[in-house]
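Enquirer: using only what follows, build the 3D model:
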Amino acid sequence: KLSTDRSDCLLSFASPVGLLLSCNHIYNQYLFLDNSDENLRKFEKSARNMHSLARYSRANQINKEWIERYLNEAHSFGLSSVRAHFNVMAWSDDPSELKQLKNDTGSALALMECKPRHNTVDVATLYWAGMAGNAGDFPAEESFYTFIEPALCFFTEETNYQNSVSP
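Expert: Reported below is the predicted structural model:
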């Protein structure tokens, strides 16, 4: 969107919720580098449990297949298991703009082929955990397991700050 006929301006995959989102917002990016081997051991145990429960529920069978696919990827390609979380916090001084902000942010996420989840319950917890030094307070149930490479696709480094102490 920022390219011209004479020059290319390549943006990150997450630029719709970063530089291209035209409202006051913060895009939070979290990667939790837990012990990958321990995570994979937990998934192995979970797959065994799902296997034994698969005859009682199709959901257990499907979950077992998803876990096995994850484990196969990790072991086949030597990938590290990590937890990730990404969120957008948008705000306005005018309460009448909030519905439009919600729509604009949801549309930006949809451009990334992500399904927006409008969190209202633990927003304060996520806000607090986003402050420097508070990552230990981040609610684990708000993160998802993935590998480092796909998680980095959701990172954005572009900014449109007008002032910076950095040269």
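Enquirer: just the buried residues of the longest strand seen in the chain, please?
Expert: Longest strand in the chain, counting residues (DSSP state E): strand 81-90. Of all the residues in strand 81-90, those buried under the rule 16 or more other CB atoms under 10 Å are S81, V82, R83, A84, H85, F86, N87, V88, A90. Any C-beta I mention is one placed from the backbone N, CA and C, and that applies to glycine too.
Enquirer: could you do stretch 112-123 as well?
Expert: By neighbour count with 16+ other CB under 10 Å, stretch 112-123 contains the buried residues P116.
Enquirer: residues making contact with it?
Expert: 13-14, 16-17, 87, 89, 102, 105-106, 109-110, 126, 139, 142, 154 (CB atoms under 8 Å, 6 or more residues apart in numbering).
Enquirer: and if you look at stretch 103-110?
Expert: P16, V17, L20, L21, S22, C23, H25, V88, A90, K115, P116, H118.
Enquirer: buried set for that stretch?
Expert: Result for stretch 103-110 [16+ other CB under 10 Å]: buried residues D104, T105, G106, A108, L109.
Enquirer: help me confirm that the fourth one is found in a strand?
Expert: No. Counting by DSSP: H, G, I helix; E, B strand; the rest coil, one finds A108 to be helix, located in no strand.
Enquirer: from S143, how far off is it?
Expert: Relative to S143, A108 is positioned 21 Å away (CB to CB, to the nearest Å).
Enquirer: same check, this time on F32
Expert: For F32, the distance to S143 equals 6 Å [CB to CB].
Enquirer: helices along this structure, start to end?
Expert: 36-53, 58-77, 98-111, 123-129, 148-152 (DSSP state H).
Enquirer: pull the number of nearby residues for F138.
Expert: 19 (other CB atoms under 10 Å).
Enquirer: what sits closest to it if chain neighbours are left out?
Expert: A129 (4.0 Å; CB to CB, 6 or more residues apart in numbering).
Enquirer: in the lowest-mean-pLDDT helix or strand in the chain, which of the residues would be classed as buried?
Expert: Ranked by mean pLDDT, DSSP states H and E, the weakest helix or strand in the chain is helix 123-129, scoring a mean of 88. Neighbour-count burial for helix 123-129, with 16+ other CB under 10 Å as criterion, is recorded at L126, A129.
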